[in-house]
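Student: sharing a model prediction with you, sequence too.
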Amino acid sequence: MDLQKLVSDVHEILAANGDYSNLSDKDIYVNSIQVDVRNVYFDLHETVNKQTVKSLVVYEDRDDVKDFDARESIADDDKTLIVGDLNEQNWHALTKRFNWLKPTSRHGHKYTFGLGDRLGLASNAHLRLFKGRGIMPVLAQQSIRELLLTNRTETDVLLDAGWAVFDEGFTTGWADDGDHVKNPHEVDYAIKAGCTMITLDSTEKIHNEIADLTDDQLDAKYNALDDDLVKYFNDTYLDKTFKINDNASVHFSKKDVEQSVLIFNGAVQYAIFIYHKFIKPYNLDFEISMDEAIVPTTPANHYFFANELHEAGITPETIAPRFYGEFQKAIDYIGDVKRFEAEFVIHEAIAEHFGYKLSIHSGSDKLSVYEIIGRLSNKHGWHVKTAGTNWLEALRVIAHADPKLMQEIYKFSYENLDDVAAFYVFNAQTDGKAPKPETINDSNVMTLLQDDDARQVLHTMYGSILNYQKSYRYVFRDKFFKILKENQAQYDKYLIAHIAQHIDLLQGKAKTKAEVQAKYEPKD
Ligand SMILES: O=C(O)[C@@H](O)[C@H](O)[C@H](O)C(=O)CO
């Protein structure tokens with residue numbers, strides 16, 4: 001690398017008085033430039049074999065610059081210029097200089113949005129979309145399931161997102177979600193890796209089987225609890241109506257009390273335990289999710305959960321109920337939208353009453369309900385989690401650039417769908433619902449990204465696709481990343497078009513799915 005030229009670049013930056021539109025070195029990534037008195041920091045984006053290769057350039061007082069891991073360096077008066085990799089040491093060194101680089105809690109941010117970049121290549125585009133929108137991006141958001149299936153660690157996820165934050169000069173705050181952690185080991189791991197938010201997935205503590213009991217069986221099981229507990233729950237809830245506001249109240253029949261206790265109280269107690277062991281001592285941002293339970297969270301169940309937490313002195317930042325209808329991965333909402341709205345009013349009132357926000361999980365593509373969610377919760381705020389659909393946008397790039405490879409990927413996914421049966425709940429099946437691979441050809445391959453069943457097959461099979469090997473060699477992985485990196489600009493375009501649809505509806509800038517699709521859906 002020509003270090004002398006980089007020194008001239010630095011002097012040009014210092015002389016530019018903040019206007020970097022005409023810098024002579026076009027490899028300087030302008031969004032990344034930071035000038036701190038006479039110290040200068042930026043990323044260099046060089047194109048090598050059609051891919052972008054990034055390096056960090058730091059120009060600092062000679063004694064200070066030592067904590068960077070330099071590949072090369074050169075002295076310039078009392079300063080040293082170093083060039084380094086975008087690695088862990090350099091990112092930590094930068095966070096000591098720029099506080100906004102570190103992920104923080106969502107607390108105080110009214111609108112927050114989880115992005116879940118499965119491949120580590122989506123955050124730059126996301127940040128360009130979020131700049132100036134007034135929404136805090138939770139850039140790093142990976143479930144343990146996703147980490148296992150992609151062979152990534154929390155640190156990989158943090159660094160991919162953190163470097164994008166520096167690259168884009170995104171100074172208004174971002175968060176890192178240790179998503180769907182289920183046990184103390186996973187919570188501890190997420191915290192130690194630097195997650196600022198913990199999403200406790202309480203699915204395994206929720207007793208779905210209680211919903212199938214007859215009234216007599218339910219009664220017997222409930223009354224078998226210790227007398228003092230039964231007395232406490234009956235005194236607190238039985239035949240009571242809690243008026244939450246002018247539009248919402250929650251009534252507890254005998255069945256509501258018994259089901260709320262027997263289905264959810266184990267999860268409440270577990271959340272209290274996790275709160276005292278980790279959340280409170282480390283002052284973490286806490287979400288409790290029950291969205292992947294089999295039983296929907298009725299307004300009474302939700303009120304019960306929130307009230308019991310409140311009695312224990314706990315106010316999480318967000319709670320993710322399992323709303324009425326189905327929020328399946330990668331496709332629109334399934335269910336009666338009117339009933340969803342009627343129940344959402346009550347869920348929102350409960351959240352506002354107890355002082356947290358609702359979190360909408362599996363939020364990608366739920367374009368039929370975002371206008372409702374935005375309209376009903378914009379005053380108080382919301383958290384939305386997309387479900388890794390940036391992976392599908394990556395496949396859109398593959399389908400475009402190499403239709404044959406995409407057909408092979410789909411055929412493989414279709415034939416091996418059982419791989420993910422234990423990880424995901426989805427409708428798509430290979431017994432007639434999802435399109436048969438032999439019907440897909442070069443001219444209709446893009447339809448795979450529009451068909452609900454094909455989307456679900458491809459969405460859930462990411463781990464198998466990326467890790468599939470023959471003779472110890474990856475079959476798809478290397479080709480996949482090569483194409484994606486060579487077409488990053490197109491990937492960025494697709495990513496922005498996809499998430500912009502969600503945000504416009506949530507922010508009330510558009511009213512219908514048709515409107516946002518007409519505005520943003522890629523035409524090619
Ligand atoms: O695939 C996953 O595990 C994630 O995308 C996860 O489902 C996601 O983070 C989520 O919770 C969306 O609601």
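Tutor: Ah, there it is.

Student: leaving out sequence neighbours, find the closest residue to T171.
Tutor: Nearest residue to T171 in three dimensions, chain neighbours excluded: W100, at 4.4 Å (C-beta to C-beta, 6 or more residues apart in numbering). For every residue, glycine as well, the C-beta is placed using N, CA and C.

Student: which stretches of the stretch 51-200 of the chain form strands?
Tutor: Counting by DSSP state E, counting those that start in this stretch, one finds strands in the stretch 51-200 of the chain at the ranges 51-61, 72-76, 79-84, 111-114, 136-138, 140-143, 176-181, 197-201.

Student: those strands: which one's closest to the ligand?
Tutor: Among the strands of the stretch 51-200 of the chain, the nearest to the ligand by C-beta to the nearest ligand atom is strand 140-143 (3.4 Å).

Student: OK, now which residue of the stretch 351-500 of the chain is nearest to the ligand?
Tutor: Closest point on the stretch 351-500 of the chain to the ligand, by C-beta to the nearest ligand atom, is H361, at 3.1 Å.

Student: let me see the contact set for that residue.
Tutor: By C-beta atoms under 8 Å, 6 or more residues apart in numbering, the residues touching H361 are 289, 291-292, 320, 327, 385, 387.

Student: can you rerun that using 10 Å?
Tutor: 114, 179-180, 199, 201, 287, 289-292, 320-323, 327, 329, 383-387 (C-beta atoms under 10 Å, 6 or more residues apart in numbering).

Student: hang on, the earlier thing: any idea which of the strands of the stretch 51-200 of the chain is most buried?
Tutor: Highest mean neighbour count of the strands of the stretch 51-200 of the chain: strand 140-143, a mean of 29 (counted as mean count of other C-beta atoms under 10 Å).

Student: name the strands paired with it and say parallel or antiparallel.
Tutor: strand 176-181 (parallel) (DSSP bridges).

Student: please state the offset of the strand it pairs with from the chain centre?
Tutor: Relative to the centre of its chain, strand 176-181 is centred 9 Å away, using C-alpha atoms, centre = their mean, to the nearest Å.

Student: which SS state does D365 fall under?
Tutor: Taken by DSSP: H, G, I helix; E, B strand; the rest coil, the conformation at D365 corresponds to coil.

Student: okay, now it: neighbour count?
Tutor: Look at D365: counted by other C-beta atoms under 10 Å, it has 25 neighbours.

Student: correct me, but it touches G388?
Tutor: No: look at D365 against G388 with C-beta atoms under 10 Å: they stay out of range, at 11.5 Å.

Student: find residues that contact each of those two.
Tutor: With C-beta under 10 Å, 6+ apart, D365 and G388 have common neighbours 329-330, 459.

Student: neighbour count and secondary structure added to those residues, as JSON lines?
Tutor: Output for the shared contacts of D365 and G388, formatted as JSON lines (neighbours: other C-beta atoms under 10 Å; DSSP: H, G, I helix; E, B strand; the rest coil):
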{"residue": "K329", "neighbour count": "22", "secondary structure": "coil"}
{"residue": "A330", "neighbour count": "25", "secondary structure": "coil"}
{"residue": "H459", "neighbour count": "25", "secondary structure": "helix"}
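
Student: give me every residue that touches the residue at the greatest distance from the centre of the chain.
Tutor: Taking C-alpha atoms, centre = their mean, the residue of the chain most remote from its mean C-alpha position is D77, at 45.5 Å. Applying C-beta under 10 Å, 6+ apart to D77 gives the contacts 7, 38, 62.

Student: overlap between the shared contacts of D365 and G388 and the residues near the ligand?
Tutor: Among those, not one lies near the ligand by C-beta under 6 Å from any ligand atom.

Student: ok, back up a step: buried subset of the contacts of D77 as a PyMOL selection?
Tutor: Burial among those is assessed by 16 or more other C-beta atoms under 10 Å; the matching PyMOL selection reads:
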select buried, resi 7
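
Student: turn the contacts of D77 into a markdown table, including pLDDT and distance to the ligand.
Tutor: Conversion of these to a markdown table gives the following (pLDDT from 0 to 100; distance: C-beta to the nearest ligand atom, whole Å):
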| residue | pLDDT | distance to the ligand |
| --- | --- | --- |
| V7 | 98 | 44 |
| R38 | 93 | 43 |
| R62 | 93 | 45 |
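
Student: and the contacts of D77 as a markdown table, adding distance to K231?
Tutor: Output for those, formatted as a markdown table (distance: C-beta to C-beta, whole Å):
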| residue | distance to K231 |
| --- | --- |
| V7 | 78 |
| R38 | 71 |
| R62 | 73 |
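
Student: okay, and which of the contacts of D77 map to helices?
Tutor: V7 (DSSP state H).

Student: coming back round to it: got phi/psi on the residue of the stretch 351-500 of the chain closest to the ligand?
Tutor: Per-residue torsions, H361: phi -90, psi 170 (degrees, to the nearest 10).

Student: returning to what we had before: and which of the contacts of D77 is nearest to R118?
Tutor: Nearest to R118 among the contacts of D77, counting by C-beta to C-beta, is V7 at 38.9 Å.

Student: ignoring the adjacent residues along the chain, who's closest to the closest one?
Tutor: Nearest to V7 is D76, by C-beta to C-beta, 6+ apart, at 5.0 Å.
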